[in-house]
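Enquirer: Give me a model of this one.
(one chain, ligands or ions: 2)
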Amino acid sequence: MAGTMIGVIGGSGVYDLDALEDRCWTAVDSPWGTPSDEILTGRLDGVPMAFLPRHGRGHVHAPSSVPYRANIDALKRLGVTDVLSVSACGSFREEMAPGDFVLVDQFIDRTFARDKSFFGTGCVAHVSVAHPTCPRLGAACSAAARDAGLTLHEGGTYLAMEGPQFSTLAESRMYRDVWGADVIGMTNMPEAKLAREAELCYASIAMVTDYDSWHPEHGAVEITDIVRTLTGNAEKARALVGRLPARLGADRAPCPHGCDRALDHAILTAPGQRDPALLAKLDAVAGRVLA
Ligand SMILES: CSC[C@H]1O[C@H](OP(=O)(O)O)[C@H](O)[C@@H]1O
Ligand SMILES: Nc1ncnc2[nH]cnc12
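Expert: Ligands and ions are numbered 1, 2, ... in the order given. The predicted model follows:
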């Protein structure tokens, strides 16, 4: 049985994982550009881990300029099998209150200014993202959240907006009342789509910082409100991540949901028509099916 390696992508407020043993920050080269930062590798409960701060240490990258492809490729290159994203988010539901966590299982992708695929001219592929998160990894995250005594809402739709400005009041109401979104953030897309293309299991924990702008008693979200909640949320995120390896385990059977086989029938370009330069860049992401 192959081994698990957990990759954690830390969002706003989560720039380090102090608890990792055998810590080492390493620069990882990727043909898709430079990742957001060096990647912290180490172990927890005997399980290899890799941690990447999505915005870089010091919060350097804006949501639109996070190098999503380089990040996912670099994690895959390191041997990561399962990616947990932890992200700050606004809430569209009264009961999903600031300080609560949401295990996201669906997305509405409203981003438009990002590279969304590893594939393209010279190697065309279409993967399914109907179920964009991995239920096995999600169940382990739920158990870890319970172990850590956190309030976790199981299931929720995350609306990914381009940003960096927050939503207008009309948008906030539309996402909540018409589209049925539960939470909103700026980063989980195209990250989740790219993880699927790279055959990585992906789960997203959205950490509520605010009620966006729809809530009559809370007014419009301001960054100062978010920052006040971020520090407490980051501590809780570290508590959850610290309990995840014990729940996921070091041994890894094939994903029962097929995340690790997403490319099995996805590539349409005939072998003789494939672009060698693109194939070379796909060595980590699609090496399993292209080799
Ligand atoms: C700090 S408020 C807006 C910012 O925070 C979230 O980032 P992340 O998902 O990486 O935690 C949100 O998506 C915005 O990028
Ligand atoms: N209300 C909000 N909208 C978008 N991204 C966010 N991140 C945290 N709160 C947010």
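Enquirer: And the residue of the protein that's closest to ligand 1?
Expert: Sorted by distance to ligand 1 under CB to the nearest ligand atom, the residues of the chain start with Gly11, at 2.2 Å. (C-beta placed from N, C-alpha, C; glycine too.)
Enquirer: May I have the phi/psi pair for the closest residue to that residue other than its chain neighbours?
Expert: Leaving aside its sequence neighbours, Gly11 sits nearest to Ser87 (CB to CB, 6 or more residues apart in numbering; 3.8 Å). As for Ser87, its main-chain torsions (degrees, to the nearest 10) stand at phi -140, psi 150.
Enquirer: same check, this time on Leu290
Expert: Main-chain torsions, Leu290, degrees, to the nearest 10: phi -90, psi -20.
Enquirer: then stretch 113-120 to PDB, C-alphas only?
Expert: Only the C-alpha atoms of stretch 113-120 are listed here, as PDB (Å, rounded to 0.1, in the frame of the first residue of the first chain):
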ATOM      1  CA  ALA A 113      -8.800  36.200 -14.400                       C
ATOM      2  CA  ARG A 114      -6.800  33.100 -13.600                       C
ATOM      3  CA  ASP A 115      -5.300  30.100 -15.500                       C
ATOM      4  CA  LYS A 116      -7.700  27.300 -14.800                       C
ATOM      5  CA  SER A 117      -6.100  24.200 -16.300                       C
ATOM      6  CA  PHE A 118      -2.800  22.400 -16.800                       C
ATOM      7  CA  PHE A 119      -4.100  21.200 -20.200                       C
ATOM      8  CA  GLY A 120      -4.700  23.100 -23.400                       C
END
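Enquirer: So is it next to ligand 1?
Expert: No. Stretch 113-120 stays clear of ligand 1 (CB under 6 Å from any ligand atom), getting no nearer than 12.3 Å.
Enquirer: can you tell me the average pLDDT over that stretch?
Expert: In this model, stretch 113-120 has a mean pLDDT of 98.
Enquirer: still on that earlier bit, isn't the residue of the chain closest to ligand 1 right up against Arg54?
Expert: Yes. Using CB atoms under 8 Å, Gly11 is in contact with Arg54, at 5.3 Å.
Enquirer: Count the neighbours of the spatially closest residue to Arg93 that is not a sequence neighbour for me.
Expert: Take Arg93 and drop its neighbours on the chain: the residue closest to it by CB to CB, 6+ apart is Asp182, 5.5 Å away. By the other CB atoms under 10 Å criterion, the neighbourhood of Asp182 contains 24 residues.
Enquirer: looking at it, Asp182 is touching Glu154, isn't it?
Expert: No. In this structure, Asp182 sits apart from Glu154 without contact. The criterion is CB under 8 Å, and the distance is 11.4 Å.
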